[in-house]
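# After the sequence you'll find the predicted model.
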Amino acid sequence: MKKKLTKWTSLTLIAAMAFGLSACGGGDTKPEAGGGSGGDAGGSKKLVIYTARDKNVVDEILPRFKEKNPGIEVEVMTMGAQQVLERIRGEKTNPQADFWWGGTQSSFITGAEEGLLETYKPTFAANVAAENKDAQDRWYGEMLLPEVIMYNSQALKKEDAPKDWDELLDPKYKDKLLIRGVLASGTMRTIYSSMIYRQDPADPQKGYDWLKKLDANTKEYTQDPTNLYLKLARQEGTLSLWNLQDILIQKEMKKQPFDYIYPASGAPILVDAVGIVKGAKNMENAKKFYEFLFDKDELKKKSESLFQIPTRTDINKDEFPAWLKGLDTKPLQLDWKVLASKEKEWMQYWDENIKGKNKK
C-alpha cells in the first residue's frame, strides 16, 4: 500500500509540473512580468505595439504585416513620442508593450540609457549607418525625418512664406503660427531643442530668447496633430513647424491645402527609430515585426506611398520615387547626444517660463 501511494504521488507531481510548464509556455496565457529572454518561447499569438506613427501609416502597414503573419493578434496604442517614452518608463517593472514604433533618436537614446530597450541585432544591421543606430543594437532608425516649415498653400503664397527659421520671428507673422502641443510631441521637442542648440548650446538663454519671440507670433498650441491640421486648414493660422512626412501625407493623401519650405540653413533631420521593449512578453513576434519594417520591398512601398526616407543604405537610389530623388536634405548640424541630455531641462524651462507669456 505504501509503495502504491508513493507511485501515485510521483505521478501527480509530474502531471502538476507539466501543467505548470504548459501555463508558462505561451499560447493565450499571459506570461509573468520580466522575461528578459522573451516570454513567448512557447509560441505567443500576440504583439503589443506603442507607436507615435501617424494613423495613416499604421493603417497601411499593419494589414500587410498581418497578411504575412495571420496567426499574430496585434494591439496598437497610438500616442505622442514623448508619451510613449514616459509610458514604457512607468511600466518598466511590468512591461505591457513589446515594440516601440517611432520616436526621435533623443527619446531612444534616453530609453536605452534607462534600460528600457532590449539588445537585438537584426539581419539588416550592416546596412544601416552607424549614426542611424545604437552602437549596442538597442534601437535602429527606420527612416530619416526632416523637420520643416509648414504653411497653408491657399492662404499664403510660397514666395511669401518664411524661407528660414529666423524669418518666423518677423512681426508680420504675429498670430499666424499654430504649433502642436510641444511637451507631448517628440517632433516638437526636437524642433524647439534644436532652435536652442542652434543659438548656443553652452548658453541656452540665447535660445530661450529666440523661443520667446516665436511664442509672441504663436496664436495657439494645439492639443494634437489632428487639431493642428484642422485649424491650419480652416486658416485659423497659416504657418506651423512639423515633420516632412506627415505634411506630404496630409497634402497628397488627404488633399489638405498644405505645403512646406525646407529651411535654407538646414533642417533638424530626425532618425525616427524603433526598438524592442526590455522584457517584452512577446519577444519573437516583436522580432518578426522589426524585420518586416525593414524589408527592402516594404521600405520601397513606404517611400512611394507614405513619403518615408529609409535608412537602409543597400537600396538602389534609382528605385526611389521622384519626390525623394529631388529632395534637398541639408541637415542642421546638431549633437544629438547633447540634445538627448538637455532636452528635458530645456523644455521644462520653456513650458514654465516662455509658453504663452510673450503676447504684447
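Thanks, I have it. Numbers count the residues shown, from 1 in each chain.
# Show me which positions of the host helix or strand of residue 347 end up buried.
Assigning secondary structure by DSSP states H and E places residue 347 in helix 336-353. For helix 336-353, burial by neighbour count (16 or more other Cβ atoms under 10 Å) applies to 336, 339, 340, 342, 343, 346, 347, 349, 350. Where C-beta positions appear, they are placed from N, C-alpha and C, glycine not excepted.
# okay, among those, which ones form the most distant pair?
Between any two of these, the greatest separation by Cβ to Cβ is 19.8 Å, found for 336 and 349.
# quick revisit: then the helix holding residue 347 to PDB, C-alphas only?
C-alpha atoms of helix 336-353 as PDB (Å, rounded to 0.1, in the frame of the first residue of the first chain):
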ATOM      1  CA  TRP A 336      22.100  64.500 -30.700                       C
ATOM      2  CA  LYS A 337      23.700  63.300 -27.500                       C
ATOM      3  CA  VAL A 338      23.700  66.900 -26.200                       C
ATOM      4  CA  LEU A 339      20.000  67.200 -27.300                       C
ATOM      5  CA  ALA A 340      19.100  64.000 -25.500                       C
ATOM      6  CA  SER A 341      20.800  65.100 -22.300                       C
ATOM      7  CA  LYS A 342      19.500  68.700 -22.300                       C
ATOM      8  CA  GLU A 343      16.000  68.300 -23.900                       C
ATOM      9  CA  LYS A 344      14.100  67.700 -20.600                       C
ATOM     10  CA  GLU A 345      15.700  70.700 -18.900                       C
ATOM     11  CA  TRP A 346      15.300  73.000 -21.800                       C
ATOM     12  CA  MET A 347      11.700  72.000 -22.500                       C
ATOM     13  CA  GLN A 348      10.700  72.300 -18.800                       C
ATOM     14  CA  TYR A 349      12.100  75.800 -18.800                       C
ATOM     15  CA  TRP A 350      10.200  76.700 -22.000                       C
ATOM     16  CA  ASP A 351       7.000  75.300 -20.500                       C
ATOM     17  CA  GLU A 352       7.300  77.100 -17.200                       C
ATOM     18  CA  ASN A 353       8.800  80.400 -18.300                       C
END
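# Which strands and helices lie in contact with it?
helix 105-113, helix 186-199, helix 204-217 (3 or more Cβ pairs under 8 Å, 6 or more residues apart in numbering; DSSP states H and E).
# ok and the helix or strand that the shortest one is followed by relative to helix 186-199, angle-wise?
The element immediately downstream of helix 105-113 (helix or strand, assigned by DSSP H and E) is strand 140-152. Relative orientation of strand 140-152 with respect to helix 186-199: 80 degrees, computed using axes from the mean of the first three to the mean of the last three Cα atoms, to 10 degrees.
# can you list the residues that contact the following helix or strand past strand 140-152?
Per DSSP H and E, strand 140-152 leads on to strand 177-180 as the next helix or strand towards the C-terminus. Here strand 177-180 makes contact (Cβ atoms under 8 Å, 6 or more residues apart in numbering) with 168, 187-188, 214, 217-222, 224-225, 228, 231-232, 236-237, 239-242.
# Check which residues of stretch 281-300 are buried.
281-290, 293-295, 298-300.
# Against which helices or strands is the one helix or strand residue 226 maps to packed?
Using DSSP H and E, residue 226 sits in helix 225-233. Helix 225-233 sits against strand 140-152, strand 177-180, strand 218-222, strand 239-243, strand 258-261, with contacts defined as 3+ Cβ pairs under 8 Å, 6+ apart.
# Leaving out sequence neighbours, find the closest residue to residue 216.
residue 358 (4.2 Å; Cβ to Cβ, 6 or more residues apart in numbering).
# number of nearby residues for the one you found?
Applying the criterion other Cβ atoms under 10 Å, we find 14 residues in the vicinity of residue 358.
# Contacts only, for it.
212, 213, 215, 216.
# how near is the last one to residue 351?
For residue 216, the distance to residue 351 equals 16 Å [Cβ to Cβ, to the nearest Å].
# go on, the second one?
When Cβ to Cβ is the yardstick, residue 213 and residue 351 sit 17 Å from each other.
# Same question for the third one.
Spatial separation of residue 215 from residue 351 under the definition Cβ to Cβ is 11 Å.
# So which elements touch the helix or strand residue 284 falls within?
Counting by DSSP H and E, the element that carries residue 284 is helix 283-293. Contact here means 3+ Cβ pairs under 8 Å, 6+ apart; on that basis helix 283-293 packs against strand 46-51, helix 55-68, strand 99-101, strand 269-276.
# Show me what the shortest one is packed against.
Contacting strand 99-101 under the criterion 3+ Cβ pairs under 8 Å, 6+ apart are the following elements: strand 46-51, strand 269-276, helix 283-293.
# Cheers, nothing more for now.
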